[in-house]
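J.: Sequence below, structure please.
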Amino acid sequence: MFQIDSLSRTPVYEQIITQAEQLVAREVLKPGDALPSVRTLSITLGINPNTIQKAYSELDRRELIVSVAGKGCFIRQDISSFLFGLRTRQMARFEETVRQMISFGIPLSAVEKKLHQLYANKEEA
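T.: Next up is the predicted model:
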């Protein structure tokens, strides 16, 4: 479920957060689904349990998951506001990137071509 890139400059806990958000956004993880326990994920990924706990705490703060004492962490039943916020943030990042492309003189046709390539590759994967 989670894969850590040990060569990445992104901290491990942030990689877990990002992947959890992506799994929910793509509906791989659905409301009510359980996340792996901190201990299980720590053993599977070979990382410190405190790192996993830090990621889970942040996901709880972002209201993506809910922790149930003695039972584990679960994707919240109502994630509509979370998904709205996530998509809003991603679109804002996209808009900023497009503004930068415009300022560097990258033509719309090149952007459209690249978008079509990326979406085609996504559908093949």
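J.: what residues are up against residue 51?
T.: By CB atoms under 8 Å, 6 or more residues apart in numbering, the residues touching residue 51 are 12, 13, 16, 42. Quick note: C-beta positions are derived from backbone N, CA and C, even for glycine.
J.: Could you rerun that using 7 Å?
T.: Taking CB atoms under 7 Å, 6 or more residues apart in numbering, we find residue 51 in contact with 12, 13.
J.: domains of the chain?
T.: 12-75, 80-124 (automatic domain parsing).
J.: Quick one: these as JSON lines, columns for distance to residue 5 too.
T.: What follows is the domains of the chain, written out as JSON lines (distance: least, CB to CB, whole Å):
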{"stretch": "domain 12-75", "distance to residue 5": "7"}
{"stretch": "domain 80-124", "distance to residue 5": "19"}
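J.: rank those by pLDDT, which is bottom?
T.: Per-stretch mean pLDDT for the domains of the chain is lowest at domain 80-124 (a mean of 91).
J.: Per-residue pLDDT of residue 125, please?
T.: Predicted confidence (pLDDT) for residue 125: 49.
J.: what about residue 13, distance to residue 116?
T.: Here the criterion is CB to CB, to the nearest Å. By it, residue 13 lies 34 Å from residue 116.
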